[in-house]
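Visitor: no sequence for this one, just the structure:
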């Protein structure tokens, strides 16, 4: 099990990895704390970065900016293939058609801008991960 520093947090995030896989936790300096980043060895030279992020539905604008900075940093710092997943809790984003349903939600638009410039995305369709408006809050991001 790999996790963020649970000693300072009441809550945390974790990724469970089989002992059969070669895996290392990567530490990225960030003020944002609710994330875990791992690098899996896939053969002799191939690496795959897996990151998990949690964003509270009550996240402050400062915390959101820290999250955006972290995602950009991970994208720019590591040249291997990446899969970033998380519960981002952007309830105003319609993940099917991508506009913000709440009009000009600056927070949502900044996040979408990062996705469209840096990564591709997949919204999960699991009904358990949906917000009250019926849109998924859990998103997978990838860069190959």
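Guide: The structure has been received and is ready for your questions. Since the model is a prediction, treat every value here as computed from it, not as a measurement.
Visitor: mind checking how far residue 28 is from residue 72?
Guide: Separation of residue 28 from residue 72 (C-beta to C-beta, to the nearest Å): 11 Å. The C-beta positions use only the backbone N, C-alpha and C, and glycine is treated the same way.
Visitor: typo on my end, residue 82
Guide: Taking C-beta to C-beta, one finds residue 82 at 12 Å from residue 72.
Visitor: for residue 107, same thing?
Guide: Remark: distance between residue 107 and residue 72 (C-beta to C-beta) = 16 Å.
Visitor: could you point out the longest helix of the protein?
Guide: Longest helix in the chain by number of residues (criterion: DSSP state H): helix 61-77.
Visitor: mind listing what's buried along that helix?
Guide: For helix 61-77, a neighbour-count test (16 or more other C-beta atoms under 10 Å) marks 63-64, 66-68, 70-71, 74-75 as buried.
Visitor: ok, and what's touching it?
Guide: 28, 30-32, 35, 37, 49, 51, 53, 55-56, 59, 82, 84, 107, 110-111, 114, 118-119, 141, 143 (C-beta atoms under 8 Å, 6 or more residues apart in numbering).
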